[in-house]
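S.K.: here is my input, please return the structure:
(chains A and B, ligands or ions: 1)
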Amino acid sequence: MTRDSRKPLGLDDVFIVDCDVHANEPPEALAPYIDMPWRRSLELLGRGPQRYLDIPGYAPILNLDPPFPDRGLGNRTVTTARQMRDELDELSIDVGILFPDNLLKIAVFPHVDYAAALGRAYNAWLADAWVSRETGLYGAVLAVPQDPKDAAEQIRTYGADDRFVAVYLPVAGLRPLWGDRMYDPIYEAAEEMGLPVMLHSVGIIHPHFPFNLEHVESRIVRHPINHEFALMANLFTMIANGVPVRYPDLEIVFTEGGVSWVPFCMWRMDKEYAEIPTGAPFLERPPSEYIKEMYYCTQPIEEPERARDLVTMIDLFDGRDKVIFASDWPHHDFDHPRKVLNMPFDAQLKRNIMGETARRLFKLPVPVSVA
Amino acid sequence: MTSSVHDVGAEADFEVGQPRRVEIGGRGFVVVNGGTQFHAARDVCAHQGARLSSGRCKGNVHAETVGGHIEYQTGGRTLLQCPWHGWIFDMATGRALTDPDRARVRVYPVHVTDGRVLLDLA
Ligand code: FES
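M.R.: Now for the predicted structure:
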């Protein structure tokens, strides 16, 4: 590459992998991919009124907030691969890993067969209409937590397709949490297929912890609890039940939580473990050592008063090759890659965060233009 | 007209509360007709660089006491909300409502003379 090494890295100087972008899947889009009787259900839902991430029986929401006059931000959606490619080009993003929109809430459905059928339909729809090596759009196989056996089959089916590079573990409304042994078939399959698992939450009100926030007035309280607290709770259970020990080749990724909660989890879990090692009988090392081996997506990137504090934060968990860029495009709290690239990281750390670490993690081909 | 003053269009072309982007010498500016007054700023959000001209003018909520009246302010100030993450800027000062000391966009004087909108970049 013939760039002046004294000049700061620009967006076009680095290979950018965005580990979290969202494909919008209205019910009628998945209808052709789902078996009866659910096809009829989705067709009916497709004809009904639809609001943003608010479709009863498909993307259920308990919305307790009154609307404010001209409340602001439009809800952006991306409904085709073409649109996604064009918009990621605008943001100088080379590769995107796709997550759903409505089905971020799939873990709340009590009907196991329906949930499993939705998951299969989503994976088939991605394979058919979204993922391709040419456009740099890759899939994360949706693993439906209600039916781990079926999810494992999906992982084995799509994991053989090199357009799928990860497994998506839904977090919102999940019960039990991801450390529970009922999910072992999912981890087994993901490890066998060499696919990292990626935990991703979304803002909802739901009876399951930590989404039981119907009594909390403000959305700015609920939103971080729904994301960061939920990730922490899941991480704790995964550590306690020895997921990283029992599946040593499994890579674990946390999305949409930023990075500053990671040192807290390490130190807190180490303290608990030192006192009560029987609480995590599978562990062979202190919890922090496993937590340092996991991966953390940047979005929503912390914006501390002293930007350098973010570098210190990453060093606290030896995260220079564990932090990976995500924008969360097109959601309201997305991060522009420029924001992360302009943080006071050295050039190598910038390259790692923006794409190199993710390229290795997801075994992505290097595009000719950047190689 | 001094060289720093630029004619950016007819007053009638600026609808009240509708931000508009104008370009001068390759740089973008957002111009807003606030009803009683015009405002202008660089068209680059202080947060992550979105075009403020793609945002919209809006009100803001404010409370003085717990359980008291929550005021929805629309009058007086011209508030422009960024289209990306929703930061709100007071167009008279260029300062963000929630972090006025640190988050600012540069503002410029605008005048209307003989039905023409004149932006002063001095
Ligand atoms: S870019 Fe304007 S609020 Fe983020």
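S.K.: C-alpha only now, for contacts and for neighbours.
M.R.: Fine.
S.K.: and the strands in chain A, which stretches?
M.R.: Assigned by DSSP state E, chain A shows strands spanning A:17-22, A:95-99, A:137-142, A:164-170, A:197-200, A:252-254, A:295-297, A:323-324.
S.K.: which secondary structure elements does the second one contact?
M.R.: Translated: strand A:95-99. When contacts are defined as 3 or more CA pairs under 8 Å, 6 or more residues apart in numbering or on different chains; DSSP states H and E, strand A:95-99 packs onto strand A:17-22, strand A:137-142.
S.K.: other SSEs contacting the last one?
M.R.: By that I understand strand A:137-142. Against strand A:137-142 (3+ CA pairs under 8 Å, 6+ apart) you get strand A:95-99, helix A:112-129, helix A:148-159, strand A:164-170.
S.K.: now the first one
M.R.: Strand A:17-22 is packed against strand A:95-99, helix A:357-361, with contacts defined by 3+ CA pairs under 8 Å, 6+ apart.
S.K.: direction included, what does the first one pair up with?
M.R.: Think strand A:95-99. strand A:17-22 (parallel), strand A:137-142 (parallel) (DSSP bridges).
S.K.: what comes into contact with the last one?
M.R.: The reference is to strand A:137-142. A:81, A:85, A:95-99, A:119-120, A:122-123, A:126-127, A:130-132, A:151, A:154-155, A:158-159, A:163-170 (CA atoms under 8 Å, 6 or more residues apart in numbering or on different chains).
S.K.: anything in the worst-scoring helix or strand of chain A on mean pLDDT near chain B?
M.R.: Least confident helix or strand, chain A: helix A:219-224 with a mean of 94, by mean pLDDT, DSSP states H and E. No. Figure legend: helix A:219-224 not in contact with chain B (CA under 8 Å from any CA of the partner chain); closest approach 13.4 Å.
S.K.: tell me the pLDDT at the residue positioned nearest the centre of chain B?
M.R.: The centroid of chain B falls nearest to B:Met91 when counting by CA atoms, centre = their mean (3.6 Å). B:Met91 is assigned a predicted lDDT (pLDDT) of 94.
S.K.: give the contact list for it.
M.R.: Applying CA under 8 Å, 6+ apart, the residues contacting B:Met91 are B:39-41, B:77-80, B:107.
S.K.: quick one: it and B:Asp120, what's the gap?
M.R.: Remark: distance between B:Met91 and B:Asp120 (CA to CA, to the nearest Å) = 15 Å.
S.K.: which residues of chain B lie near the ligand?
M.R.: Within chain B, the positions near the ligand by CA under 6 Å from any ligand atom are B:45, B:47-50, B:82, B:84-87.
S.K.: just the ones of those in helices?
M.R.: Nothing among these maps onto helices, per DSSP state H.
S.K.: looking at the strands paired with strand A:95-99, which is nearest to the ligand?
M.R.: strand A:17-22 (17.3 Å; CA to the nearest ligand atom).
S.K.: so in terms of bridging, what pairs with B:Arg21?
M.R.: Going by DSSP bridges, B:Arg21 is paired in beta bridges with B:Val30.
S.K.: what about it, neighbour count?
M.R.: 18 (other CA atoms under 10 Å in any protein chain shown).
S.K.: low-confidence stretches in chain B?
M.R.: B:1-2, B:59-62, B:70-75 (pLDDT under 70).
S.K.: sorry, back to before: the residue nearest to the centre of chain B and B:Glu11: what is the separation?
M.R.: In terms of CA to CA, B:Met91 sits 18 Å off from B:Glu11.
S.K.: save the helices and strands packed on strand A:95-99 as CSV, and put in mean pLDDT, distance to the ligand and mean neighbour count too.
M.R.: CSV is the format used below for those (pLDDT from 0 to 100; distance: least, CA to the nearest ligand atom, whole Å; neighbours: other CA atoms under 10 Å in any protein chain shown):
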stretch, mean pLDDT, distance to the ligand, mean neighbour count
strand A:17-22, 98, 17, 26
strand A:137-142, 98, 25, 28
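S.K.: mind checking the ones you listed for the one nearest to B:Gly17?
M.R.: strand A:17-22 (31.7 Å; CA to CA).
S.K.: now do the end-to-end distance for stretch B:47-54.
M.R.: 15 Å.
S.K.: equivalent analysis for stretch A:126-139, please.
M.R.: Termini of stretch A:126-139 sit 7 Å apart (CA to CA).
S.K.: ditto for stretch A:127-142
M.R.: Stretch A:127-142 has an end-to-end distance of 12 Å (CA to CA).
S.K.: name all residues that make contact with A:Glu214.
M.R.: A:64, A:205-206.
S.K.: what distance do you get for it to the ligand?
M.R.: A:Glu214 sits 28 Å away from the ligand, going by CA to the nearest ligand atom, to the nearest Å.
S.K.: A:Ala127 too?
M.R.: Distance of A:Ala127 to the ligand, given as CA to the nearest ligand atom: 33 Å.
S.K.: number of residues surrounding that residue?
M.R.: 18.
S.K.: list the residues that contact it.
M.R.: A:139, A:163.
S.K.: before we move on, back to that, now tell me what touches the least confident helix or strand of chain A from outside.
M.R.: A:203, A:211, A:213, A:216.
S.K.: from these, list the buried ones, please.
M.R.: Among these, those classed as buried by 16 or more other CA atoms under 10 Å in any protein chain shown are A:203, A:211, A:213.
S.K.: need the contact list for B:Thr78.
M.R.: B:34, B:57-58, B:90-92.
S.K.: that older thread, which of the contacts of A:Glu214 sits closest to chain B?
M.R.: Set against chain B, the nearest of these by CA to the nearest CA is A:Leu64 (17.7 Å).
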